[in-house]
Every structure is written in C-alpha cells, then in structure tokens.
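1. Show me the folded form of this:
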Amino acid sequence: MIYFQDIPEIPETTAFMISVPGYRDEFNYLFQRLLVLFLLLNSSPDYAQQGFGNPSVCLDSSQRLLFHEDSIAVNASYITKTSDGNYLIPGYYYPNRGYYYYMPYLIKSGSDGNILWSKRFYSLGTYSSQWYTATRIKELRNGDLLMTGQIGVPETDDRRELAIWRLDKNGNLLWGESYETSLWSNPITGASDITGIEEDAGGNIYLSGNLRIFEASKFAFAMKLDAKGGILWDQSYSSNAAFAYGISLSGNKLFLFGNIGPLPITGSLNTNILWCIQLNAGNGEMLGTKGWYADFGDQSSSNSFAYANTSMSILDNGQVSIHGTARSDFLGLFDLRVDTINHAIIANFSSDFNFLNGIMLSSRHASNYYNTVATQQSDGRISYTRFIEDNNLYGENIIYGNILNNQVVKERVYHEQNRSSELTSNFLYYSPDEDIVIQTYWDSVISKGGLEILHLRDKDSANLCNGKDTSLTFVQPYFMKAAPVVFDSILANTFSQTNHNFLAEDAGNLVKSTACTMPGVIVNGIPVISLNKDSVLCAGGTRNLDAGKGFSLYVWNNGSTDPSLNINDTGRYWVSVTSQNGCKASDTTHISTLAPIPSDFLPHDTTICQFAKLTIQASHTYQNYLWNDQSTGPALTVSQPGLYQLEVTDSNQCVGSDSMRLATKECLEGFFVPNAFTPNGDGRNDVFRPLLFGNITRYRFAIYNRWGEKVFETQTRGQGWDGKQNGAPVGNGAFVWYCQYQLDGQPERTKEGTVLLIR
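-> As a prediction, this is how the structure comes out:
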C-alpha cells in the first residue's frame, strides 16, 4: 500500500530522498505532482486535510535501479553470479545515433546494485566488422572469465561468427578468438549462439550452442576447446530445427540437452522431442541418447518447449531442470484459440534423464513470447516473467512472480510508463525469498536505453514502485512420454578459427539512478519485519515471535501492543507495526503442528552384578544427546550404581529428558575345582574342569602327568579335559593342574593342585 503524511522535517537516518533524473519538461513534472496529490488526497482524510506541505510516501526498501550512459543504449539478456557474491552482466551497446557499431559490454555489480567496474570492448580496426556482441559469461576455476558472443561478417547477409574472449577477474582482456563453420557458405546468413559453458579440471572448455541459417536453428552443436581457445573437437547435430538448451559435465561424461521437431510421434501426432545426448568428453563420441515428448494429445505440439528463452540447470538434489517458454506462448499471439495459454514449462528429470515431474505456468491472456522467461533455481524455486500484451509500445505491463512447491508465492504487475522492454534476463537467486532480474529498456521520453535491475522479494508490499499484487498465473501439471531420438546427420570437426576477434578493452561510463521517482516527495522505507516461519511448535513449550524494536506502534492478532509475543499453541499469528514516520507493515506466521516432547526412551531401572558393565542406549535416534556426565554420544557404558540421565533433541528441535537408576548385587564369584573325575562315558563326571564365576578377562588352564608332560591345555572358559592324550585314553592315576585367570577389576591369580583320574 502507499501511505502519505505531512512531515515538516525528516532526519536523514529515518528517510531518504529519491532523485529525479530524466523529467525533461514542465508538463511531465506537473503530471507527477498531480499524481502525488491525487494519491495523497485518497490515502487518508486526516492527512489530506493538513494540506500538501512536504508529503512523504512509504515504499519498500527494495530498489528499482537503472544502469545507463548518456550517448549509448545498453542491452543484456544473461546474468551470472560470481563466487564472491556479486554478479556479471555481459551485453552490448550501440550509439543512439545509429543501429550498427555494436560493441561488447561487461558489468560487474554488487547485489545492492553498486557498479564495481564496467568494461566496453572496442574494435582495433584490423577487421572491418562493425557488429560485435557479448551474450554469455562464466567464471572459471582460477577466477578468469570466459565471455562468448558474435562478430558480424562484412559483405554477407548478416552472417555472424562465434566470438570468445578470456578475461581476468577484473575484466581485462587476456585473449580473443573467433570461429566459423564449414556448414555455411558465403553469403548465406549464419549465426552461432552459445547456450552453455563448462570447464573440466584440466582447464578445457566445453560449449553448447546453435548454428542458425536465416535465423532458423539448423544444427545443435557441442565443442571442446583448450585453455587458449584451440579447437580439440566439435560435433554438430542436424534434424528438424535442432536446438541446444545447455550442457553439463560429470567426470568424463558430457551431457548435451536440446529440442527437435515437430516430428511424427504416433499416428497423426506431430510434436517436439526434448533430448539428451551423452558424449565422451575426451573425443566427443556419442555414448547414448534419450528423448521425451509432451503428452497432451492434439495439444502436445503447442505444449512443447519453444526455441527461445529455454535453458537447463542442475539442481542441488542432482536432478536436471529444463525450464523456459512454451510454444503456446508464441502461438497465443497468432492462431492459438484456447481459453488458457501455457506460457512457460518447467520439467525435472533424474540424473540419468528420466522424466520425474513438471508444471506449466498458465493464464488467460496472451503475452509477447520474446520476453517470457522462467528460471528454476538450484533449490527448486521458480521465478518467471512475461508481458501482458496490450499493443502499447510505450507503457507496457510486465508480470513477475515466484513459485515454491508448485504454488505461486508472490506475483505482481509492473506498469512500465513511457518505456518498452526489449529483453528480460534470467533470474539470479540471492536469498530464500529474493531474486534479481535485469530488463533492457528504452525510454520514449528521454530517448535513452539502458538496464533496469529489479530486486524481487516475496515480502515486498504492493505500491507504485513495487507493482500491484495479482494472481493471474496458475500452475498446471506437465506430462511427458519417452520417444526415440534420431538425427538426420551428425557432422564432426566443422569449426575452424578465423582470427577476426580484434578488440581492446576500455572503461565503461555507466551511471546508476533510481528508476521509480516522484518529484518533491520524501520516500520513507516500509518497516522490514520477519516473524519465525517454523510451523512446528514443541508441545508444552513456548516460542517468542519478535517483530523487532524501534517502531512506534505494534498490534498483534490478540490485541497485544508489545514488540514480541509468546505463543504455546497452534494457530495463525500476525503483527502490524507502524514506524516513526507512519509507514506500516505486517507479517504472518502459522503454527500447524504441536510436536511431542521426546520421552520414555531409556530402559527401565535395572540391576547388574558387581564388577559387571552395562551399555545404556536410547530406544530412538535423535539429532543431539547430552548425558549427565556431559558426554554427547548415543550410548553410555556404566558399571557403577546410580542415577543416569539423558537429554535429547529431535528433528523438530524439541528437547526431552529421561533417566534410569542402576543398582548392583552380589553375584556368585569364585574358583572351585573337583579332586577326581571318572571319564568312563556314563555321562556323569566325565570331564575335568574348574568352575570359575565372575567377569573373566584372562584365562589359561593346563594339566600335566607325573613326568611333567603336558596332556591338556585351553584358554577357553568352560572347556575341560576328557582324560585322553592325543586322542587315546590315559590310565588311572594322579595328574597336576595349573590355572591362571583374572576377574574384571582384580589382579591376575594362579591356582594349582592335583586331580585323580579313575576309570
């Protein structure tokens, strides 16, 4: 919401002004003032009666930022996160005075939108092309950057070679190289665009991409380069509109993902096939293929992946995600006459590319196709954008949204007044509820183009700068069936180096400004609050929900006005706060489960013999253990009587305790030896052995005849002599025995004596 108030003076520590670049005529300025007055008069009767004065507006802390230069238009369609938490924006620019003279551009920015450095790469003039672009970039293992793009070939029908630049971590040029393929012939239009970059442990580079002829993709390709750009191998795959979406590397196995079609599947059904090729990373040899097609009957073709704005990624759980635009999004502008249009598809596969599940992002309005983008982040979060097609070139509506667990979490509509957006980038994931996206814009009022950076947070309030909350998008399940993959031809080693990439770097001249501006208005930040969202509460326990300090007013769902609230039961809890500047915000949490406290997990009280040992162990597995002797293992071995206590923490972070009492008793203990035995086979007194009671830790028993010869020996307790020597019975007589033994906790002892053998 938007909230105004009349504040004579606002300290700098509690408010910030948004500057007003770009309003170039009095009419525009007057319009903005009237807009503010209109909002002021409709926001609160109490404040409206105070007069215009020095109005203020409450906005979220997230910003909409612009990157631009005075004399050029900056474009970008792909961004990537770096290991230091910042992000890279490759793109190109051209002077406002003309269409050509494209030059690669590279920007490194912090997540806050501050420009760390920017580079533009100008031609040295040794090759006559006036058309250079950069489109994709990857941070390599040693911190270098690999940037890819295209070079226009002079005197051809817009043919473009593949261009690669290797830069150091600060964007300084290390080397540049260019490549063409023998699949083209002058002056045919051709282009090479890269869709994926991988690097192995040896520093070799793997690329996936597409070869276009007259803008139609004819070949999907994979290639391997050494660290200096030399070609090691390349493979090109031809079929009906073959298109590569991306590439992944696992050990010595390379996986290329893409799309072909429409192709005949069954009967009269023609549709696209989503495929994966497994390659030997060493030589590019094909090891196997798998294919899938959309299973929606006569709508299968329109519910296939489109050829633009589709890519792949590997999720944290090892699954493969293919995400991007649906063909029905494109057809919705022309000949598709259905009530529901599916704009984007997200399909998840196992690591060996077996279909698992998928969804379609759908609505009941058409969009403009080239700006429909969906990105699945590594944790499964899905972010998406598209235009609402209203045929208004300058003043378009664009939708942004996020999906978790197949449900739309936040969706908002932005009205881009006086601007048209040419491209929208992929989304970068920065926190559990925040994404960054970049759209290339053109402002019809100031005749300037640039980049607009949006921080999209799920908690953003709807307002003039952060869009209007909406629910136009809904989620539908997506189904696929297996299909064979057949290519018309597979061609190897078609690429060659052309040495046309002659560029040098120069510092860029970008400036940053705030995109959402309201002249003469003080902009105060809406309070940021975040209640604990854990839905599980331990039974019998409490949790403190803290809304933060420093606000002028708190209102909880139960009427409390304290900064925090203690809860002990399930339910929905919310708080509304008002800042010192009169800005309001709220947050909600829902406790759905009361988890039981761990209990009764130790054995019952018991008794053991003196000098014996007992191992005590919990009957269930827990995350943490703490015994009364401060040990933290899951089991405790004891021998002394007493009370033993254990405190455990389970997976819900609930803490419980239990105890058991151990007592000892005197058990039979001692050494007893008979003085005679009768090994005559009658089953009575046939074996001679000592009777030893207690916890024995060492034992040896031996028998000797009258001449000192050993006739029997054992170290096994309970084993005795049967009156035989070497298997033969011995005669009657007296024999000498020796026994060495040790009881637990006692010294070693030796006993000896004689025994009479009687048959």
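2. Pull the contacting residues for Met223.
-> Counting by C-beta atoms under 8 Å, 6 or more residues apart in numbering, Met223 makes contact with 206-207, 209, 231, 233-235, 495. Where you see a C-beta, it was placed from the backbone N, CA and C, and this is true even at glycine.
3. And for Ala734?
-> 706, 754-757.
4. the domain parsing of this structure - what is it?
-> Recorded structural domains for the chain (assignment: automatic domain parsing) are 4-60+516-524, 64-507, 534-594, 606-665, 671-757.
5. What mean pLDDT does the second one get?
-> In this model, domain 64-507 carries a mean pLDDT of 90.
6. Any idea how many residues pack against Asp722?
-> Asp722: 14 surrounding residues under other C-beta atoms under 10 Å.
7. Confirm for me that it is in contact with Asp686.
-> Yes - between Asp722 and Asp686 there is a contact under C-beta atoms under 8 Å: 6.6 Å.
8. shared neighbours of the two, anything?
-> Here Asp722 and Asp686 have Pro679 as joint contacts, going by C-beta under 8 Å, 6+ apart.
9. Could you pull up phi and psi at the closest residue to Asp158 other than its chain neighbours?
-> Nearest residue to Asp158, sequence neighbours excluded (C-beta to C-beta, 6 or more residues apart in numbering): Thr189, at 5.0 Å. Per-residue torsions, Thr189: phi -70, psi 130 (degrees, to the nearest 10).
10. and Thr189, what does it touch?
-> Thr189 sits next to 156-159, 212-215 when contact means C-beta under 8 Å, 6+ apart.
11. still on that earlier bit, deepest-packed of the domains of the chain, please.
-> Each of these was scored by mean neighbour count; the highest is domain 64-507, a mean of 19, by mean count of other C-beta atoms under 10 Å.
12. Which residue ranges of the stretch 251-400 of the chain form strands?
-> 253-266, 269-280, 286-294, 311-314, 320-325, 341-349, 355-363, 373-376, 382-388, 396-404 (DSSP state E, counting those that start in this stretch).
13. and the ones you listed as CSV, adding distance to Leu545?
-> CSV is the format used below for these (distance: least, C-beta to C-beta, whole Å):
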stretch, distance to Leu545
strand 253-266, 45
strand 269-280, 46
strand 286-294, 46
strand 311-314, 36
strand 320-325, 35
strand 341-349, 34
strand 355-363, 33
strand 373-376, 32
strand 382-388, 29
strand 396-404, 22
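14. I'd say Cys542 and Asp569 touch.
-> To be clear, residue 542 is Thr; Cys isn't right here. No - using C-beta under 8 Å as the test, Thr542 is too far from Asp569 to be in contact (9.6 Å).
15. Run through the stretch 601-750 of the chain and note the low-pLDDT ranges.
-> Across the stretch 601-750 of the chain, the ranges flagged by pLDDT under 70 are 611, 668-669.
16. For Gln623, see how far away Tyr307 is.
-> Tyr307 sits 49 Å away from Gln623, going by C-beta to C-beta, to the nearest Å.
17. Excluding chain neighbours, what is closest to Ser363?
-> Spatially, and ignoring its direct neighbours in sequence, Ser363 is nearest to Leu472 (4.9 Å; C-beta to C-beta, 6+ apart).
18. no, scratch that, I was asking about Asn566
-> Here the residue nearest Asn566, using C-beta to C-beta, 6+ apart, is Thr542, at 5.1 Å.
19. what are the phi and psi values for that neighbour?
-> Dihedral angles (degrees, to the nearest 10) for Thr542: phi -130, psi 160.
20. Now for it: which residues touch it?
-> Counting by C-beta under 8 Å, 6+ apart, Thr542 has contacts 566-568.
21. So which of the strands of the stretch 251-400 of the chain is nearest Leu553?
-> Relative to Leu553, the nearest member of the strands of the stretch 251-400 of the chain by C-beta to C-beta is strand 396-404, separated by 30.2 Å.
22. Pull the distance from that closest one to the chain's centre.
-> The chain centroid and the centroid of strand 396-404 are separated by 20 Å under C-alpha atoms, centre = their mean, to the nearest Å.
23. Report the angle between it and strand 355-363.
-> For strand 396-404 against strand 355-363, the angle by axes from the mean of the first three to the mean of the last three C-alpha atoms, to 10 degrees is 150 degrees.
24. Mind listing the strands strand 396-404 pairs with, and their directions?
-> Each strand paired with strand 396-404, and its direction, by DSSP bridges: strand 382-388 (antiparallel), strand 407-416 (antiparallel).
25. sorry, back to before: in TSV, list the domains of the chain along with distance to Asp600.
-> Output for the domains of the chain, formatted as TSV (distance: least, C-beta to C-beta, whole Å):
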stretch	distance to Asp600
domain 4-60+516-524	50
domain 64-507	35
domain 534-594	14
domain 606-665	6
domain 671-757	30
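26. re the thing from before, just the contacts of Thr189 now: which is nearest Asp329?
-> Nearest to Asp329 among the contacts of Thr189, counting by C-beta to C-beta, is Glu215 at 18.4 Å.
27. Present the contacts of Thr189 as TSV; the columns should include distance to Ser552 and secondary structure.
-> Below are these laid out as TSV (distance: C-beta to C-beta, whole Å; DSSP: H, G, I helix; E, B strand; the rest coil):
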residue	distance to Ser552	secondary structure
Thr156	68	coil
Asp157	67	coil
Asp158	62	coil
Arg159	66	coil
Arg212	60	strand
Ile213	66	strand
Phe214	65	coil
Glu215	59	coil
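28. rewinding a little: nearest to Thr372 among the contacts of Ala734?
-> Of the contacts of Ala734, the one sitting nearest to Thr372 (C-beta to C-beta) turns out to be Val755, at 98.0 Å.
29. Would you mind writing the CA trace of whatever helix or strand Ala482 lives in as PDB?
-> Per DSSP states H and E, Ala482 falls inside strand 480-483. Extracted in PDB, the C-alpha atoms of strand 480-483 (Å, rounded to 0.1, in the frame of the first residue of the first chain):
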ATOM      1  CA  MET A 480       6.000 -36.400 -20.900                       C
ATOM      2  CA  LYS A 481       6.500 -39.800 -22.500                       C
ATOM      3  CA  ALA A 482       9.600 -41.500 -23.800                       C
ATOM      4  CA  ALA A 483      10.500 -41.200 -27.500                       C
END
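30. packing partners for that strand?
-> Counting contacts by 3 or more C-beta pairs under 8 Å, 6 or more residues apart in numbering; DSSP states H and E, strand 480-483 packs against strand 286-294, strand 355-363.
31. Please identify the pairing partners of the helix or strand following that strand and their relative orientation?
-> Counting by DSSP H and E, the element after strand 480-483 in chain order, helix or strand, is strand 489-492. Under the criterion DSSP bridges, strand 489-492 sits next to strand 231-238 (antiparallel) in its sheet.
32. What separation do you get for Leu646 and Lys481?
-> Leu646 is 54 Å from Lys481, by C-beta to C-beta.
33. do Leu269 as well
-> Counting by C-beta to C-beta - Leu269 and Lys481 are separated by 11 Å.
34. before we move on, what about Ala134?
-> For Ala134 relative to Lys481 (C-beta to C-beta), the value is 39 Å.
35. How about Gln715?
-> Using C-beta to C-beta, Gln715 is found at 69 Å from Lys481.
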